[in-house]
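Student: All I have is the shape, not the residue letters:
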């Protein structure tokens, strides 16, 4: 029993007493899914406001059998691309009367697993994992276990921007044509006469990098240009600083190149800064393309040619497909696997390459 003077949070019974109705009537008014007389509804809403009552949503969810939430698990919410996907997921969840919870993992598989387990215990309607991964046997086994345990709990695993696990795994997959986007970006540089194209990417075992590197290689091969391993720079972190440092070093001591394909727009921004600081210019000396088409692409000068990925729609579809399946309004199989297209957005950072002393950067080195 609370001591005198100690504040006790108001309960649904207090609201019912203030409004002069039953507890079940208050519940119906709050749920909004049961007909209640307008006068009664107004009395209950006035009592809720006067008592500053906040519902115990967890308790209500247990009664309903579901938390009416979706969980979005991401490495880092600071990246504009993933932030757009989170926004899309949140908008779709809100439209369907769900609460969207966002968890970050900083790339730690154990934190990811902990977040998934927590969401399973909370009986979330769907658990969405976004971003690439190292697709080895351990990863596939872990994802399969997660998918089955969520399915057994009445939830649904959604892989967003990750490859499918197989037809026998109960998971929804929402991805984009990663390799085709890289192929298009590289082909665009090749169409402008570039043959020595520096690839700036991350760890090749990472699914995002693997797809983009594959598209880069395939475009070169289709255009009859030998793949030069010396022009493939991996282990680049997806940060502006990393893009800057790698290009700065390449310009001062590496083999010559006339164009750069950066795996993300953020990396491209750092690469552009390094080119300018070295006394060169974009696109007159070095052409540059990125990937993602985040707002930074149009803020850079010159504006960045890049690959458009519909991240917001990815987030929306991740929620929509999972909830439609849960509500029995969608089938399994192909209906739970969506692939979105990508395309090159041509702006100002690519120029026609004209061989000759004026455009040959073999001997061009930084002036500072």
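Tutor: On my side now, so go ahead. Predicted model, so just to flag it, every value in this text is computed and none were measured.
Student: So residue 175: helix, strand or coil?
Tutor: Under DSSP: H, G, I helix; E, B strand; the rest coil, residue 175 falls in the strand class.
Student: what does residue 275 give?
Tutor: For residue 275, the assignment made with three-state DSSP gives helix.
Student: ok now stretch 257-268, how far from the chain's centre?
Tutor: Stretch 257-268 has its C-alpha centroid displaced from the chain centroid by 20 Å (CA atoms, centre = their mean, to the nearest Å).
Student: ok, the closest residue to residue 45 other than its chain neighbours - contacts?
Tutor: Counting by CB to CB, 6 or more residues apart in numbering, residue 45 lies nearest to residue 29, which is 6.8 Å off, once chain neighbours are set aside. (C-beta placed from N, C-alpha, C; glycine too.) If a contact means CB atoms under 8 Å, 6 or more residues apart in numbering, then residue 29 has 36, 40, 41, 44, 45 as its contacts.
Student: Any chance of those in a markdown table with distance to residue 169 and secondary structure as columns?
Tutor: Below are these laid out as a markdown table (distance: CB to CB, whole Å; DSSP: H, G, I helix; E, B strand; the rest coil):
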| residue | distance to residue 169 | secondary structure |
| --- | --- | --- |
| 36 | 44 | coil |
| 40 | 48 | helix |
| 41 | 45 | helix |
| 44 | 46 | helix |
| 45 | 46 | helix |
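Student: Closest one of the residues you listed to residue 14?
Tutor: Each of the contacts of residue 29 was scored against residue 14 by CB to CB, and residue 44 proved nearest at 11.9 Å.
Student: give me every residue that touches that closest one.
Tutor: For residue 44, the residues meeting the contact criterion (CB under 8 Å, 6+ apart) are 15, 19, 21, 25, 26, 29, 30, 36.
Student: How is the most centrally placed residue in the chain assigned, secondary-structure-wise?
Tutor: Among the residues of the chain, residue 82 comes closest to the average C-alpha position under CA atoms, centre = their mean, at 3.2 Å. Counting by three-state DSSP, the backbone at residue 82 sits in helix.
Student: which residue packs closest to it, ignoring adjacent ones?
Tutor: Distance criterion CB to CB, 6+ apart; nearest residue to residue 82, sequence neighbours excluded, is residue 74 at 5.1 Å.
Student: What ranges in the stretch 201-350 of the chain fall below the confidence cut-off?
Tutor: 329-334 (pLDDT under 70).
Student: could you redo the last one with a cut-off of 90?
Tutor: Applying pLDDT under 90 to the stretch 201-350 of the chain flags the ranges 253-255, 325-336.
Student: all helices for it, in order.
Tutor: For the stretch 201-350 of the chain, applying DSSP state H, counting those that start in this stretch gives helices covering 207-222, 240-253, 265-277, 296-299, 311-326.
Student: These into TSV, with extra columns for distance to residue 165 and mean neighbour count?
Tutor: Listed next are the helices of the stretch 201-350 of the chain as TSV, based on distance: least, CB to CB, whole Å; neighbours: other CB atoms under 10 Å:
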stretch	distance to residue 165	mean neighbour count
helix 207-222	12	20
helix 240-253	30	19
helix 265-277	29	23
helix 296-299	32	17
helix 311-326	15	23
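Student: Which among these is found nearest to residue 172?
Tutor: With CB to CB as the measure, helix 311-326 is the member of the helices of the stretch 201-350 of the chain nearest residue 172 (5.0 Å).
Student: Who are the packing partners of that closest one?
Tutor: In terms of contacts (3 or more CB pairs under 8 Å, 6 or more residues apart in numbering; DSSP states H and E), helix 311-326 is packed against strand 69-74, helix 80-95, strand 126-130, strand 157-160, strand 171-176, strand 337-340.
Student: distance between the first one and the chain's centre?
Tutor: What that stands for is strand 69-74. 11 Å.
Student: Which positions within it qualify as buried?
Tutor: 69, 70, 71, 72, 73, 74 (16 or more other CB atoms under 10 Å).
Student: Show the contacting residues for the residue nearest to residue 82.
Tutor: By CB under 8 Å, 6+ apart, the residues touching residue 74 are 82, 85, 86, 102, 103, 104, 105, 130, 131.
Student: What is the most widely separated pair among these?
Tutor: 85 and 105 (14.8 Å).
Student: Among those two, which residue is more densely surrounded?
Tutor: It is residue 85, of residue 85 and residue 105, that has more neighbours when counted by other CB atoms under 10 Å, with 29 against 19.
Student: about what we covered before: in JSON lines: the helices and strands packed on helix 311-326, plus distance to residue 51.
Tutor: Output for the helices and strands packed on helix 311-326, formatted as JSON lines (distance: least, CB to CB, whole Å):
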{"stretch": "strand 69-74", "distance to residue 51": "25"}
{"stretch": "helix 80-95", "distance to residue 51": "26"}
{"stretch": "strand 126-130", "distance to residue 51": "34"}
{"stretch": "strand 157-160", "distance to residue 51": "39"}
{"stretch": "strand 171-176", "distance to residue 51": "41"}
{"stretch": "strand 337-340", "distance to residue 51": "45"}
